[in-house]
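J.: 3D model of this:
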Amino acid sequence: MAQRSVGDSISRVLVMYGVIGFALAALGVSLVANGSALQGAITGGFGGFLLWSVFASRNNSATPVIERSAIRRVEARPPRPPLARGYFVVTFEEGGKERRRLILLPGSMSGGRAEYDKARDVLTAAGLLTAT
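T.: Got it, this is the predicted structure:
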């Protein structure tokens, strides 16, 4: 279902996040103007967070296949249980633009550290990741 609705692009998701973020921010401003400062601040904060997420994700890609020759660099982000799972940021060129693809690994409840170590070793052996 995700492949049909989103496909290989995240633009639809970013547009939805942008519309929802803008609506929440506008509602927050309206609430503050009508005297509900706390509700307005919380609602506007959620809207601002969504708009910031759209801005920060504008160069991300959901492409399932990346040609090895297009890869510019791979950054490892180790897991920090229980807050964050390990992931890799693959920076590559797509259509003349530099794009990023996040490769998320299982969380700490699913053997995430072991999976991160295996994936890091494979990427290092392939010459895509310098030893970390």
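J.: Next, the distance between the ends of stretch 82-91.
T.: Stretch 82-91 has an end-to-end distance of 26 Å (CA to CA, to the nearest Å).
J.: Can you tell me what sits against it?
T.: Here stretch 82-91 makes contact (CB atoms under 8 Å, 6 or more residues apart in numbering) with 66, 71-79, 98-108, 112-113, 115-116, 119, 123, 129. C-beta here means a position set from N, CA and C on the backbone, and glycine is covered the same way.
J.: Which of the residues you listed are buried? Put it as a ChimeraX command.
T.: Selecting the buried subset of the contacts of stretch 82-91 in ChimeraX, with 16 or more other CB atoms under 10 Å as the burial test, is done by:
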select :66,74,76,77,79,99,100,101,105,107,108,112,113,115,116,119,123,129
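J.: among the contacts of stretch 82-91, which are in strands?
T.: Using DSSP state E, the members of those that fall within strands are 71-77, 98-104.
J.: closest to residue 54 among those residues?
T.: Here the nearest of these to residue 54, counting by CB to CB, is residue 100; it sits at 14.6 Å.
J.: Okay, and the beta partners of the closest one?
T.: Using DSSP bridges, the bridge partners assigned to residue 100 are residue 60, residue 91.
J.: Quick check: the gap between it and residue 115.
T.: 21 Å (CB to CB, to the nearest Å).
J.: Follow the chain on from the helix-or-strand element of the chain with minimal mean pLDDT and name the next helix or strand.
T.: Counting by mean pLDDT, DSSP states H and E, the chain has its least confident helix or strand at helix 2-5, which shows a mean of 62. The element immediately downstream of helix 2-5 (helix or strand, assigned by DSSP states H and E) is helix 11-33.
J.: Can you pull out the residues in contact with that next one?
T.: With contacts defined as CB under 8 Å, 6+ apart, helix 11-33 is touched by 5-6, 37, 39-51, 53-54, 57-58.
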